[in-house]
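Engineer: model the following, please.
(2 chains)
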Amino acid sequence: MADLEKTRPPAPVPLEWEYAPAPESREIVHFQERYGLFVGGEQIEPRSGEWYSTIAPASEEHLAEIAQAREEDVDLAVQSARDAFENGWSRLPGSERAKYIFRIARILLERSREFAVAESLNSGKPIRESRDVDVPIAAAHFFYYAGWADKLEYAFPNRRPHPLGVAGQIIPWNFPLLMLAWKIAPALACGNTVVLKPSHTTPLTALLFTDVCRQAGLPPGVVNIITGDGRTGAAMVRHPGIDKIAFTGSTGVGKDIQRAIAGTGKRLTLELGGKAANIVFDDCALDQAVEGIINGIYFNQGEVCCAGSRLLVQESIYEQVIAKLKRRMSTLRVGDPLDKNTDVGAINSREQLDRITELVESGREEGAEIFQTECTLPDRGFWFAPTVFTNVAQSYRIAQEEIFGPVLSVLTFRTPEEAVEKANNTAYGLSAGVWTEKGSRILWMAERLRAGVVWGNTFNRFDPASPFGGYKESGFGREGGRHGLEAYLRFE
Amino acid sequence: MAPSANAPALPRGFELPLEPRLPRIGAIDAVALEARAGELAKRSIKKESKLAALELAVRMMDLTTLEGADTPGKVAALCSKAMRPDPSDRSIPPVAAVCVYPNLVAVAKAKLEGSTVKVASVATAFPSGQSPLDVKLADVRDAVEAGADEIDMVIDRGAFLSGRYAKVYDEIVQVKAACGDTHLKVILETGELGTYDNVRRASLLAMAAGADFIKTSTGKISPAATLPVTLCMLEAIRDVHDETGRIVGMKPAGGIRAAKQAIQYLCVLNETLGSTWMTPDLFRFGASSLLNDVLMQIRKQKTGAYQSGDYFTLD
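Structural biologist: Model (predicted):
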């Protein structure tokens, strides 16, 4: 017997395969030491004389000095936008405006690698996402709305559309370039001029974008980019020269804005928070649904207003789904956003990390069962391991409040009616997902779910032709598609 | 091999499992499956991890020749290549197996004597499987008697596509019996099955009937192996393992010609089934032209320079 054993070749040892680091090169991006405000087609020093530092959240490394705009600076920017609006842009034929917008789209694509690296550096999101999602979809939005610029009369037959004037746009830090595209592309296509404020923590791609505007030969003042914190945003909201405010961000700030502009005649669209239900039926394609759950909540570290942060699983497949989910979570690669194999990057700021940590703590205290993947998080920077809570009750804070981080709360349901009831039982209504092999059930659910977007057997998919926006505390107004034009037009 | 390798996962009632613990057949969403495979294909594998993967790919290779024109001379040359893929680099390991028609098993067996390289033989009226059962079984017995270590059978796609799943199942069970201890790989010919749902159904059926490996293709039909089809089959293998503890191997075959593709398959394997399966005992590449590209890439990794194809033997 012993001899027999010897003659046998030894069984091969399975390979414990570790991927070597595969970092995308930073060489392609050159940041200025300091960025002024982009007003009237030029970078100008802020009248406030104040500057702040913007960092890379993955390493807390300083990237550039950014101007802090105050009332006077906002005033200059609005003036410049008003001049550009009155002196030509609003009267330019649509086909001419389209040329500029098409040009911007093409330049964005040509410089896509640069923008992807800059975005990942400043926001902490994985390069895989900035390269494959943020930048290409941002360019797609410019292409799409360029196409509408000379067809506005056909978009709204017999309604004679006119631009509004100066649009003040305030965007968040989770998709800095993409949200810029969502805001600027339709505004320009409709003949408005723009004062845009990127988020305090992620101004760099917007500032790089000013160079794209210059390259595209866009007339000075049509796009103005001003930077700063909430005070800058508040000054924009109060400014009498602005005709329309478009805001994407938290529900709290959205409410403040709505209060502040009440009675001023300013137009308003708000795209606010969410607590989307991702509803998994027992007849779904299971492994693909698990991918959808992962994509729903761990895409962009869960810092997505339409994230599928509440998982509703049909009770009959609960254990199977949770087992598959946990295993899949353990293969998520958390780390350096610039590594091409990273799935989950850094949290955008310490402030956000604190908020996530606090809510997760409340989940523990309220009695939910926590599972976190075992991953080594870097010492510096802001990190949070992918997390899932089971045994969650509707009444827990983690089932009600928007966490805006890689944290999933799992609930169960028994029947489609119960799924709808639980999904709608929230103050928000931005998005929802339905996973089932029955087409008829997707339609049945979509009719009843009070959410602006309902995805069937997919999640977090964005297309410029598809309108996006919320019900209830998730805001009002639609971005994307033909509907997105309405937010920037008035009709006779 | 796992202790229960020969035990059918689902002894009966594959179609309508009443016990909830048995794996349901389930469904596959084609769009999402292809998206996931596409995502994994974008993994960036560099430096030492690339070299490790390429070396593993050599050890996982079933070097294949399945032509009407195959001769003892051709097979002998292939066997030499299998044992020492790169004569100028002794550190390159032998491949896993050579894969030939039953008539040439004896030749290959003699040539490979004393090496670790196994002999795999296609059987059961390969590639169409359109012959009576007793002919197929005789085919298998002949190959086994000639010394084949592994049998690559084809399923009866005619029966499968006309809904006669029981016939397909019974045939695999009988082939498995005819194989005895010889390792059985079941070829689904996914290019003829039409949908991922069918691929999943056929995978579960083959595993339930006793397959040691499931394999995508004969290589005679296009498309042969693809990344999404492989992912779909690996997920079925994972479900069977979850439910029964049984470990089944996987062999994508046909259409894999570049080292880059091989690495993509290994990424899909690694992130779907994990390191347990990262061994030639449980994963094989069925290919003929892949080996030289892998050797070329290995030399590139080691020396930093590409060699011309003339420096790699064509066998």
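Engineer: can we go C-alpha only for contacts and neighbour counts from here?
Structural biologist: Noted.
Engineer: burial of residue 206, as a residue count?
Structural biologist: All of this is about chain A. When neighbours are counted by other Cα atoms under 10 Å in any protein chain shown, A:A206 registers 26.
Engineer: my question was about chain B, not that one.
Structural biologist: 28.
Engineer: so it: helix, strand or coil?
Structural biologist: helix (DSSP: H, G, I helix; E, B strand; the rest coil).
Engineer: check contacts around it.
Structural biologist: B:169, B:172, B:186, B:214 (Cα atoms under 8 Å, 6 or more residues apart in numbering or on different chains).
Engineer: got a pLDDT number for it?
Structural biologist: We have a pLDDT of 96 for B:A206.
Engineer: need the pLDDT of the residue nearest in space to the middle of chain A.
Structural biologist: Geometric centre of chain A, nearest residue: A:F175, 3.8 Å, by Cα atoms, centre = their mean. Note on A:F175: pLDDT of 98.
Engineer: contacts only, for it.
Structural biologist: So A:F175 contacts A:D134 (Cα under 8 Å, 6+ apart).
Engineer: among the contacts of B:A206, name the ones in strands.
Structural biologist: Secondary structure assignment by DSSP state E places B:186, B:214 of the contacts of B:A206 in strands.
Engineer: closest to chain A out of the contacts of B:A206?
Structural biologist: B:I214 (19.0 Å; Cα to the nearest Cα).
Engineer: does that closest one touch B:M250 like I think?
Structural biologist: Yes - contact criterion Cα atoms under 8 Å: B:I214 and B:M250 qualify, at 5.1 Å.
Engineer: what touches both of the two?
Structural biologist: Joint contacts of B:I214 and B:M250 (Cα under 8 Å, 6+ apart) are B:M233.
Engineer: ok, these two, which is more surrounded?
Structural biologist: For B:I214 versus B:M250, neighbours defined as other Cα under 10 Å are more numerous around B:I214 (29 against 24).
Engineer: what bridges to that one?
Structural biologist: B:V186, B:M250 (DSSP bridges).
Engineer: show me where the stretch 251-400 of chain A has its helices.
Structural biologist: Taking DSSP state H, counting those that start in this stretch as the test, the helices found in the stretch 251-400 of chain A are A:251-261, A:286-298, A:318-330, A:350-366, A:397-400.
Engineer: and the angle for the helix or strand containing B:M233 with helix A:286-298?
Structural biologist: Using DSSP states H and E, B:M233 falls within helix B:227-244. Using axes from the mean of the first three to the mean of the last three Cα atoms, to 10 degrees, the direction of helix B:227-244 lies 100 degrees away from that of helix A:286-298.
Engineer: can you list contacts of helix B:227-244?
Structural biologist: A:287, B:9, B:21-23, B:28, B:33-34, B:36-38, B:190, B:196, B:199-200, B:203-204, B:207, B:214, B:216, B:246-250, B:252, B:264-265, B:268-269, B:272-273.
Engineer: so which of those are in strands?
Structural biologist: Going by DSSP E, the strands hold B:214, B:249-250 from those.
Engineer: list the residues that contact A:A146.
Structural biologist: Contacts of A:A146 by Cα under 8 Å, 6+ apart are A:97-99, A:101-102, A:185, A:189.
Engineer: can you list the buried residues in stretch A:103-117?
Structural biologist: For stretch A:103-117, a neighbour-count test (16 or more other Cα atoms under 10 Å in any protein chain shown) marks A:103-109, A:112-117 as buried.
Engineer: keep only the residues you listed that also lie close to chain B.
Structural biologist: Counting by Cα under 8 Å from any Cα of the partner chain, nothing from these sits close to chain B.
Engineer: so who does the residue sitting nearest the centre point of chain B touch?
Structural biologist: In chain B, the residue lying closest to the centroid (Cα atoms, centre = their mean) is B:K251, at 2.1 Å. Residues in contact with B:K251 (Cα under 8 Å, 6+ apart) are B:213-216, B:283-286.
Engineer: closest one of the residues you listed to chain A?
Structural biologist: Distances from chain A to these, taken by Cα to the nearest Cα, are shortest for B:F283, at 10.4 Å.
Engineer: setting aside sequence neighbours, what's the nearest residue to the closest one?
Structural biologist: Distances taken as Cα to Cα, 6 or more residues apart in numbering or on different chains put B:M250 closest to B:F283, at 4.9 Å, once the chain neighbours are dropped.
Engineer: next one: the one you found, what pLDDT does it get?
Structural biologist: Value for B:M250, per-residue pLDDT: 98.
Engineer: and it, how far from B:E150?
Structural biologist: Distance, B:M250 to B:E150, by Cα to Cα, to the nearest Å: 13 Å.
Engineer: counting neighbours, what do you get for the residue in the stretch 101-250 of chain B that chain A sits nearest to?
Structural biologist: Among the residues of the stretch 101-250 of chain B, B:T116 lies closest to chain A, at 6.7 Å counting by Cα to the nearest Cα. Residues lying near B:T116 (other Cα under 10 Å) number 17.
Engineer: right, and it touches B:P94 too?
Structural biologist: Yes - the criterion here is Cα under 8 Å, and B:T116 meets it with B:P94 at 7.5 Å.
Engineer: and for those two, which residues touch both?
Structural biologist: Joint contacts of B:T116 and B:P94 (Cα under 8 Å, 6+ apart) are B:M83.
Engineer: state the three-state secondary structure for A:D83.
Structural biologist: Going by three-state DSSP: A:D83 is helix.
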